[in-house]
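S.K.: no sequence on this one, just coordinates:
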């Protein structure tokens, strides 16, 4: 018995314990110590960072290039420093599309690009909520609310009708509708994950909004000067008829510089801010209507929890907008405990980080979209986008003329 015991004692020796393992490879059967588990988790974390870093870096590089080229274009067009009629997000998407469809994107970048399309995108949308406040709404904007509501309603209804008549996918029509009616690219990227739109549909909707938005940016300032006698009316038209926030800002700035009309620029941007606030209501509504429509089409009832129909990042977006509005409501301290000087930094930092995050995510959209797939959709989506842009401009013009006596 002692001999057997002695053998077991000898088997505990490191030399014998290594006999059942491969040469130079440690024994993984033995349970890990807590320290070994922590080291293994740290190792896995480093491996994950290494897998996503190339894609994130490339998308971030495109975002930086978008801002740089936008500033260069603005300088060539004699705009003030930091202003440009060309959206950095638009440039980032276009650069991504060029890279993807010329030299291609290696597989090593895919993990990081997927992270940008999901996590980075949602984070940017949530932070964007901190830039939306209702405090700036004045008399002129309140008078323009019927114009905003009319343009949003017409865009949603008309795009839905035309999209169905042309036999296009409902998801693509929904993206073009919210992009045209609310706030361009931001509304599209906020809606896409809710309705399970793929990258191609998102990129195509962004393309429609970008093309017609840029055309409006170039032509509408001159058109507004000819059509409307007051700066408030011209600014309301620019704020309701142009899609993307950066495009509205560029058009308002162009109008202000060419016609010495700063009030028109401020009205345009403020009206656009009110349109952006519609995201809080319309995006969840579009998600609910989309999922209900799918249930009717398939003959099955979709029993979904509220957080499945309205993802948590949309709830967080609405919460951030409410917090911002409450903080701006007045008093010596924002929300009762934050000094006003520090509270102003919230808006400054949010306006800095949100566009960068969205530009990075949209650069990833471009990098993940092959034009060969988009060709299969044909020109019908652009017909939908053109009809939406034209109708929104016409409705904006008609309602402003009707409400002109109330716009001082």
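M.R.: Cool, the structure landed. This is a predicted model, so every value here is computed, not measured. Numbering: from 1, shown residues only.
S.K.: Is the closest residue to residue 123 other than its chain neighbours part of a helix or strand, or is it coil?
M.R.: Nearest residue to residue 123, sequence neighbours excluded (Cβ to Cβ, 6 or more residues apart in numbering): residue 357, at 5.7 Å. Any C-beta I mention is one placed from the backbone N, CA and C, and that applies to glycine too. What DSSP: H, G, I helix; E, B strand; the rest coil gives for residue 357 is helix.
S.K.: who touches residue 357 in this structure?
M.R.: Contacts here follow Cβ atoms under 8 Å, 6 or more residues apart in numbering; on that basis residue 357 touches 120, 121, 123, 124, 127.
S.K.: Count the residues that sit near the second one.
M.R.: Which is residue 121. By the measure other Cβ atoms under 10 Å, the count of residues near residue 121 is 24.
S.K.: I'd say it and residue 361 touch.
M.R.: Yes: using Cβ atoms under 8 Å, residue 121 is in contact with residue 361, at 3.8 Å.
S.K.: separation between the residue nearest to residue 123 and residue 116?
M.R.: Computed as Cβ to Cβ, to the nearest Å, the residue 357 to residue 116 distance reads 9 Å.
S.K.: I figured residue 370 was touching residue 98, is that so?
M.R.: No: in this structure, residue 370 is not within contact of residue 98 by Cβ under 8 Å, at 11.9 Å.
S.K.: and residue 393, what does it touch?
M.R.: Applying Cβ under 8 Å, 6+ apart to residue 393 gives the contacts 216, 220, 241.
S.K.: switch the cut-off to 10 Å
M.R.: Listed by Cβ atoms under 10 Å, 6 or more residues apart in numbering, the contact set of residue 393 reads 151, 212, 216, 219, 220, 223, 237, 240, 241, 242.
S.K.: Specify which member of those is nearest to residue 103.
M.R.: Nearest to residue 103 out of these is residue 212 (Cβ to Cβ; 29.0 Å).
S.K.: Can you check which residues contact both of residue 357 and residue 116?
M.R.: With Cβ under 10 Å, 6+ apart as the test, residue 357 and residue 116 both reach 60, 63, 124.
S.K.: if you skip the residues just before and after it, what's nearest to the last one?
M.R.: Take residue 124 and drop its neighbours on the chain: the residue closest to it by Cβ to Cβ, 6+ apart is residue 357, 3.1 Å away.
S.K.: Check which element follows the strand or helix carrying residue 48 along the chain.
M.R.: Applying DSSP states H and E as the criterion places residue 48 in helix 34-76. Counting by DSSP H and E, the next helix or strand C-terminal to helix 34-76 is helix 88-102.
S.K.: and the angle from that following helix to helix 34-76?
M.R.: 110 degrees (axes from the mean of the first three to the mean of the last three Cα atoms, to 10 degrees).
S.K.: how far does helix 88-102 sit from the chain's center?
M.R.: Centre-to-centre, helix 88-102 and its host chain are 16 Å apart (Cα atoms, centre = their mean, to the nearest Å).
S.K.: same question, stretch 319-333
M.R.: Its chain's average C-alpha position is 23 Å from that of stretch 319-333, according to Cα atoms, centre = their mean.
S.K.: Give me the residue ranges of the stretch 1-150 of the chain where confidence is low.
M.R.: Residue ranges of the stretch 1-150 of the chain with pLDDT under 70: 1-32, 79-83, 85, 132-141.
S.K.: how does it look with 90?
M.R.: Within the stretch 1-150 of the chain, the ranges that satisfy pLDDT under 90 run 1-48, 66-67, 69-98, 100-101, 114, 116-146, 148-149.
S.K.: Give me the phi and psi for residue 333.
M.R.: With angles defined as degrees, to the nearest 10, residue 333 sits at phi -130, psi 140.
S.K.: burial count for it?
M.R.: Close neighbours of residue 333, defined as other Cβ under 10 Å, add up to 12.
S.K.: Kindly report the same for residue 34.
M.R.: 7.
S.K.: Which residue ranges of this structure form strands?
M.R.: Using DSSP state E, the strands of the chain run over residues 333-334, 338-339.
S.K.: Quick check: pLDDT value at the nearest residue to residue 214 once chain neighbours are set aside.
M.R.: Spatial nearest neighbour of residue 214, excluding adjacent residues (Cβ to Cβ, 6+ apart): residue 247 at 6.8 Å. For residue 247, the pLDDT comes out at 74.
S.K.: Look up how far residue 184 lies from residue 247.
M.R.: 7 Å.
S.K.: Much appreciated, bye for now.
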